[in-house]
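Novice: Need a 3D model of the sequence below.
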Amino acid sequence: MSAAQALRQMRRPTPSRRAHLLILIAVVALALTANSAPVSAAPFWRLSSRAAPSNLAPGTTGLLAVVAEDLGDAGVKGERSHVKISDSLPAGLSLSGGAAAVRARRSYPISGEAEEAAFWSCQSEDEQQVSCESSLDIPPYEALELLIPVTVSEPPGTVATVQNTVSVQGGLAEEAGEPPVLGATLARAVKIDAAQLPFGIEAGGYTLTPENEVGEPERQAGSHPFQLTANVNFNQTLETLPVQQGAPPQKGLQPASPGLAKDLSFGLPPGLLGNVTAAEQCPEFDFSAIGPENVNFCPAGAAIGVATVFINIPKPYGYAHFAV
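Specialist: Next comes the predicted model:
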């Protein structure tokens, strides 16, 4: 399967955005092969759940960032079958500010306050069950995210690990017949601890997984995986930024990083990515030139991977994520 078949045109942040705080990268890199058998395009959900700060201190307020990404190579249609993302908060954590304080959005540059009001609906039950529904259509490799403010009710001095359970369901596949997209569930450890963490990769924050076309791990030796997915999660802090008058104060809380990321290096085994030069080439001028909707001028066939980048740019965006 060629990169041109699997990927839409790449997106790239403008140069002025590159040097700011890097929160998370989720990379989908295709193994380019000349003789891979074609497979049908299909979407599938991939969930993640993280805390900001990475250690939630007893008696404080923090954020849980819940992300549902479509890592398949077909989009998800939400108008006739709403996509629902839910979070069952563990004991010791409770929703702060009610459902109105939850921020629900999708990847920049599409998302905004107006979209949140028009296409999202959030509810809570007993401050422990949080769910948001969206009627948006989701392109391949883009993400939906909930930022959930939580209060840590454990007494001072508590050091504990609790399990946060999130799920996603709904949506119709953007393919022949529009079949339902399979749901997904994830249980993720959350650390309750007053200790501050330095800059670095969080516990369990780096994974590298070869996958088949439905998102399952590829375990066949000598095979050509449909895609290779890597996740890099850095320790997080929590910043309170100014908000507009009348907005819920929880919307001023944003994930950030203890330091700037620099000189990241990843060593992959020889031959793992195949012949990446088999893809169509893109001149550097076209790669750096940004057109409408933050899309550069490279041909779609030049794309060999996708990155979902979570960063904090104090002005003008604050905390944001981009499909690149």
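Novice: which stretch of helix or strand covers residue 43?
Specialist: For residue 43, there is no helix or strand it lies in under DSSP states H and E.
Novice: So what's the residue count around it?
Specialist: Other residues near residue 43 come to 26 when the count uses other Cβ atoms under 10 Å. Placement of C-beta: from N, CA and C, glycine included.
Novice: on contacts alone, who are the packing partners of the lengthiest helix in the chain?
Specialist: Secondary structure assigned by DSSP state H gives helix 113-119 as the longest helix of the chain. Using 3 or more Cβ pairs under 8 Å, 6 or more residues apart in numbering; DSSP states H and E as the contact test, the elements touching helix 113-119 are strand 103-106.
Novice: partners of the strand it packs on, with directions?
Specialist: strand 143-152 (antiparallel) (DSSP bridges).
Novice: now the stretch 51-200 of the chain, which segments are flagged as low pLDDT?
Specialist: 108-113 (pLDDT under 70).
Novice: Okay, strands next: where are they in it?
Specialist: 55-56, 61-70, 76-77, 83-88, 93-95, 103-106, 120-125, 129-134, 143-152, 160-169, 172-173, 184-192 (DSSP state E, counting those that start in this stretch).
Novice: my guess is residue 240 contacts residue 253, does it?
Specialist: Yes: at 5.7 Å, residue 240 and residue 253 qualify as touching, with contact defined as Cβ atoms under 8 Å.
Novice: So these two - more neighbours on which side?
Specialist: residue 253 (24 against 11).
Novice: what sits against the more buried one?
Specialist: Shown in contact with residue 253 (Cβ atoms under 8 Å, 6 or more residues apart in numbering): 52, 61-63, 147, 149, 238-240.
Novice: circling back to that earlier point, buried residues in the longest helix of the chain?
Specialist: By 16 or more other Cβ atoms under 10 Å, the buried positions in helix 113-119 come out as 116, 119.
Novice: what does that helix rub up against?
Specialist: By Cβ under 8 Å, 6+ apart, helix 113-119 touches 103-106, 134-136.
Novice: Relative to the whole chain's centre, how far out is it?
Specialist: Relative to its parent chain, helix 113-119 has a centroid offset of 19 Å by Cα atoms, centre = their mean, to the nearest Å.
Novice: cool, and stretch 165-181?
Specialist: 17 Å.
Novice: Buried residues of that stretch, list them for me.
Specialist: For stretch 165-181, using 16+ other Cβ under 10 Å, the buried residues are 166-175, 181.
Novice: Next one: the residue found closest to residue 170 once you drop the neighbours it is linked to in the chain from residue 205, what distance?
Specialist: Leaving aside its chain neighbours, residue 170 sits nearest to residue 83 (4.5 Å; criterion: Cβ to Cβ, 6 or more residues apart in numbering). Per Cβ to Cβ, to the nearest Å, residue 83 is found 26 Å from residue 205.
Novice: Quick check on these two: which one has the bigger neighbour count.
Specialist: residue 83 (27 against 15).
Novice: who are the neighbours in contact with residue 87?
Specialist: Here residue 87 is in contact with 49, 64, 66, 129-131, 146, 148, 164-166 (criterion: Cβ under 8 Å, 6+ apart).
Novice: Just the buried ones from the residues you listed?
Specialist: Buried among the contacts of residue 87 (16+ other Cβ under 10 Å): 49, 64, 66, 130-131, 146, 148, 164, 166.
Novice: so who does the residue nearest to residue 170 touch?
Specialist: Contacts of residue 83 (Cβ under 8 Å, 6+ apart): 68, 76, 133-134, 136, 138, 144, 168-171.
Novice: Tell me how many other residues crowd the closest residue to residue 102 other than its chain neighbours.
Specialist: Closest residue to residue 102 apart from its sequence neighbours, by Cβ to Cβ, 6+ apart: residue 122 at 4.7 Å. By other Cβ under 10 Å, the residues close to residue 122 number 20.
Novice: I'd like to know how far residue 257 sits from residue 297.
Specialist: From residue 257 to residue 297 the distance is 31 Å (Cβ to Cβ).
Novice: repeat for residue 197
Specialist: 40 Å.
Novice: what about residue 285, which SS state?
Specialist: helix (DSSP: H, G, I helix; E, B strand; the rest coil).
Novice: pLDDT score for it?
Specialist: Looking at residue 285, its pLDDT stands at 94.
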